[in-house]
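*Asks:* curious how this folds, go ahead:
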Amino acid sequence: MKSGIRSIVDINRTANAYTASIVLVVGDHQFVDAKSILGLSMTLYRDQTYRLYIHGPDEAEAKAAMLGVFAKHHLRAELIEQLM
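*Replies:* Now for the predicted structure:
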């Protein structure tokens, strides 16, 4: 499995392990559900910082896990408190 595909699958599996809503914000106007493998495959590039909006009953655990999986694949991610 190629490295990029591995990243997408790993991020998707991690997101799907939680009930919280996990939205990846790309640029100023693109919102991608991290639980959608198709959405991830169309937006995940290594040369940018991703913003993550995570909200739900298990959001604390989801936030830690998502930051961890992005770091594991050398992708920059930061948490945001609200969607634009």
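*Asks:* and the contacts of the lowest-mean-pLDDT helix or strand in the chain?
*Replies:* Lowest by mean pLDDT, DSSP states H and E among the helices and strands of the chain is helix 37-43, with a mean of 88. Helix 37-43 is touched from outside by 5, 8, 9, 11, 12, 24, 26, 30, 32, 33, 34, with contacts defined as C-beta atoms under 8 Å, 6 or more residues apart in numbering. Just so you know, the C-beta spots here come from the backbone N, C-alpha and C atoms, and that holds for glycine as well.
*Asks:* in strands, which of those residues fall?
*Replies:* Members of the contacts of helix 37-43 lying in strands (criterion: DSSP state E): 24, 26, 30, 32, 33.
*Asks:* buried ones among the residues you listed?
*Replies:* 24, 26, 32 (16 or more other C-beta atoms under 10 Å).
*Asks:* tell me what the second one is bridged to.
*Replies:* Right, the one you point to is residue 26. residue 30 (DSSP bridges).
*Asks:* where does this protein have low pLDDT?
*Replies:* Where the chain drops to pLDDT under 70, the residues are 1-3, 46, 84.
*Asks:* can you give me the helices in it?
*Replies:* Along the chain, the stretches classed as helices by DSSP state H are 3-16, 37-43, 59-72.
*Asks:* JSON lines please, covering those helices and showing distance to residue 78 and mean neighbour count.
*Replies:* Below are the helices of the chain laid out as JSON lines (distance: least, C-beta to C-beta, whole Å; neighbours: other C-beta atoms under 10 Å):
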{"stretch": "helix 3-16", "distance to residue 78": "15", "mean neighbour count": "17"}
{"stretch": "helix 37-43", "distance to residue 78": "16", "mean neighbour count": "16"}
{"stretch": "helix 59-72", "distance to residue 78": "8", "mean neighbour count": "16"}
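*Asks:* what about stretch 10-26, start to end distance?
*Replies:* Using C-alpha to C-alpha, to the nearest Å, one end of stretch 10-26 lies 18 Å from the other.
*Asks:* thinking again about what came up before, relative to residue 50, which of the ones in strands among the contacts of helix 37-43 is nearest.
*Replies:* Residue 50 lies nearest to residue 24 out of the ones in strands among the contacts of helix 37-43, by C-beta to C-beta, at 5.6 Å.
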